[in-house]
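Asks: need a structure here:
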Amino acid sequence: MGFPALRFSNPPNGYAIPRIERMDLARQVPGDCVRPAGAGVQRWKGGGVADLNNEKPARPRRTLRRVLLWAGSILLVLLAGAAIAGEIVLRHSEPMLKAKVVETLATRFDSRVELDRFGVSLVDGLSVSGAGLRLYPRRIPAPDPLFAVKQFSFHTTWKQLFETPMRIGRVRVSGLRIHLPPKNERANLPHPGSEGGGGQVKIVIGELLCDDAALVIGTDKPGKLPLEFDISQLHLTSVGAGMPMKFFAVLTNPKPVGNIDTHGDFGPFDAESPGDTPVSGQYAFYNADLGTLKGIGGTLSSNGGYQGVLDRIVVDGETTTPDFRLDLASHPVPLNTKFHAIVDGVNGDTHLQPVDARLLGSHIVAGGDVVRALDRPGHDIHLDVTVGPARIQDLLELGAKQQTPLMTGDMQMHTSFHLPPGHEAVIDRLQLAGSFALMNAHFTNDQFQSKVDQLSLRGQGEAKEAKKEGKAIKQGDADGGTQSNVASTVRGDFIFGDGKVAFSNLEYRVPGADIELRGVYALKEEDYDFEGSAQLDAKISQMVTGWKSLLLKPVDPFFSRHGQTLIPVRITGTRSHPHIGLDRGHRDHDRSEGNPDARQK
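Replies: The predicted model follows:
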């Protein structure tokens, strides 16, 4: 009788390979083990038999793992070979790819496109690099490209490549330069978003890193130079069409030289009207060297915030200059300001509304415009300035060469301020026109103050006290007599330009004397040239003592006018050596002109 039985042969490698065969009991040899149907029987060569019900088939599983390992390895080799083959194909097809990119960009942006180098790699995703990209819009005649890049590169994974929208993790750009045409030509700018409908591929860039960038905004105003922004570093995140972008940038400020760190939100960019693009953020401007502006010096720091649209950016900030100085004097003083300004980010014009400044103990408020010049590089500054409450010595310390200010006291001033652009020193370009008032003024020079004291005493008819005052100052007693250190009041109108101050209606008052002058004071040379008249309460003979008083009594009527004494005076000399005397030429001039008052003198 025979029945099927499971046999294992023993091949050379030692693994048992099962096979089914029919066994004939009658032909079994001694030593063979036979089990009933349903029982597992294993015959080994040499008579060995194993029970299959108790054995686990571990060796077949090992075989399966080896097969899969070999298959995976082969697949990886094939993929690597395919990638290498793809790289080789891409290298050979890069000229065709470059031509296709140029054609696509030209069609997309309606521009003439130039591309010096273009490369693609498929290793670990998609990598693209290139150099010398330039776009010239066909409908805008301009010698410079609208968009130019020296070098660019980006990489994206296969997963990001097939996402919607397509995502690119990082883009690097070097030497970006954008030339925006004048406002009246921007309607001809290409609008890539208006063509292609829903077939366009939407791309979102995780971050864009750019260095050595520049934005140039053209102008249609005759003679006005284009506005240029130099950006040494730019970091944008979440870059995509119609999306606001986070940004961090380092801008290079040409004058005063320094870097401006700024961060905030920009966009979405309005290509049809760039001035309507929203922007907001914070800025910090540290250690700016004011010495790059000829005529002034110091180290300025500023910080603040801004918001609005490019056409109208509202800026609020403050500045600190602990060592502000003029080259004319080189006396550093602290200058701190707070300001509110409206900035046109398209043309660079700034409207100050206002600037609130503190110079030492003096308060200064200024408002006006800082606009780009029409005919030369730089800005044309027009301000309306109010000084007060202020101290005379603060402004004199800033502008005078001597360490000790000429005068102390209270001050108020209102003036127009015009600083045109140019390479000359600030003091040579500055133009002022206004009025001022000095109250409770005292001269710091003892000899000069003594002359003022004596003038006041003689003008009141106190000749003996004036003589005592003069004798005391000669002996080194600065306090002199009882009327020493008289306070002066000075008022007048002035025009400043070319480093000189021209005064008109200059009034100088001390008790007993009113002096009206007109003339010029040169800041650089520190010399005076004034003429005018002194009106005194006392008569000529009352201003001196002894026999001189008796001799001058007959002269009193010649200098009398409406019950007071009127004497023509002239002030010349330098700051350290002033000379005050009678202006005989002034009297002769009055007589020659037929002045009736002169005939009464």
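Asks: count of neighbours near Arg170?
Replies: 13 (other Cβ atoms under 10 Å). C-betas here are computed from N, CA, C, even on glycine.
Asks: The one 5 residues further on now?
Replies: Applying other Cβ under 10 Å, we find 17 other residues in the vicinity of Gly175.
Asks: next one: Pro182
Replies: 15.
Asks: How about the contacts made by it?
Replies: Residues near Pro182 by Cβ atoms under 8 Å, 6 or more residues apart in numbering: 218-220.
Asks: go on, Arg376?
Replies: Going by Cβ under 8 Å, 6+ apart, Arg376 touches 225, 421-422.
Asks: Including distance to Gly368, could these go into JSON lines?
Replies: JSON lines is the format used below for the contacts of Arg376 (distance: Cβ to Cβ, whole Å):
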{"residue": "Leu225", "distance to Gly368": "21"}
{"residue": "Pro421", "distance to Gly368": "15"}
{"residue": "Gly422", "distance to Gly368": "18"}
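Asks: could those be laid out in a markdown table, adding neighbour count?
Replies: A markdown table is the format used below for the contacts of Arg376 (neighbours: other Cβ atoms under 10 Å):
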| residue | neighbour count |
| --- | --- |
| Leu225 | 15 |
| Pro421 | 16 |
| Gly422 | 14 |
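Asks: Quick one, which of those has the minimum pLDDT?
Replies: Scanning these for pLDDT, the low point is Leu225. It has 70.
Asks: Chain neighbours aside, what residue packs nearest to that residue?
Replies: Nearest residue to Leu225 in three dimensions, chain neighbours excluded: Pro377, at 6.2 Å (Cβ to Cβ, 6 or more residues apart in numbering).
Asks: now do Ala513
Replies: What sits nearest to Ala513 in space, not counting adjacent residues and going by Cβ to Cβ, 6+ apart, is Gly459, at 3.5 Å.
Asks: What about the one you found, how many residues nearby?
Replies: Using other Cβ under 10 Å, Gly459 has 25 other residues around it.
Asks: Verify the stated contact: it with Val510.
Replies: Yes - the pair Gly459 / Val510 is scored as a contact, 7.2 Å apart, by Cβ atoms under 8 Å.
Asks: Would you check how far apart the residue nearest the centre of the chain and Phe285 are?
Replies: By Cα atoms, centre = their mean, the chain has its centre lying nearest to Ile260, at 4.7 Å. As for Ile260, its distance to Phe285 is 5 Å (criterion: Cβ to Cβ, to the nearest Å).
Asks: which residues are in contact with both of the two?
Replies: Joint contacts of Ile260 and Phe285 (Cβ under 8 Å, 6+ apart) are Asn253.
Asks: and Ala472, that's in a helix?
Replies: Yes - assessed by DSSP: H, G, I helix; E, B strand; the rest coil, Ala472 belongs to a helix.
Asks: did I read that right, the residue nearest to Leu225 in a helix?
Replies: No - checked against three-state DSSP, Pro377 lies outside a helix; its state is coil.
Asks: what about it, distance to Glu424?
Replies: Pro377 sits 14 Å away from Glu424, going by Cβ to Cβ.
Asks: ok, now Gly206?
Replies: Going from Gly206 to Glu424 by Cβ to Cβ gives 50 Å.
Asks: same question, Ser232
Replies: Relative to Glu424, and taking Cβ to Cβ, Ser232 is found at 29 Å.
Asks: what about those two, which has more around it?
Replies: Neighbour totals were compared for Ser232 and Glu424, and Ser232 leads with 15 against 12 (other Cβ under 10 Å).
Asks: pretty sure the more buried one contacts Asp211?
Replies: Yes - with contact defined as Cβ under 8 Å, Ser232 and Asp211 form a contacting pair (6.7 Å).
Asks: remind me which residues of the stretch 251-400 of the chain are low pLDDT?
Replies: Within the stretch 251-400 of the chain, the segments meeting pLDDT under 70 span 271, 346-347.
Asks: can you rerun that using 80?
Replies: Within the stretch 251-400 of the chain, the stretches falling below the threshold (pLDDT under 80) are 252-255, 257, 269-275, 292-295, 327-330, 345-348, 372-378, 399-400.
Asks: Contacts made by stretch 231-249 with the rest, please.
Replies: With Cβ under 8 Å, 6+ apart as the contact definition, stretch 231-249 has outside contacts at 165, 171, 176, 193, 202-215, 250-252, 259, 261-268, 278, 281.
Asks: Buried subset of those as a ChimeraX selection?
Replies: The ChimeraX selection below is limited to those of those classed as buried (16 or more other Cβ atoms under 10 Å):
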select :171,176,205,206,207,208,210,211,212,213,214,215,251,259,262,264,266,267,278,281
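Asks: so who does Gly125 touch?
Replies: Gly125 makes contact with 155-158, 160-161, according to Cβ under 8 Å, 6+ apart.
Asks: err, Thr350, not the other one
Replies: 341-344, 369-371.
Asks: my guess is the residue nearest to the centre of the chain is in a strand, correct?
Replies: Yes - counting by three-state DSSP, Ile260 falls inside a strand.
Asks: from what I can see it touches Asp230, true?
Replies: No - applying Cβ under 8 Å as the test, Ile260 and Asp230 come out as separate, 10.4 Å apart.
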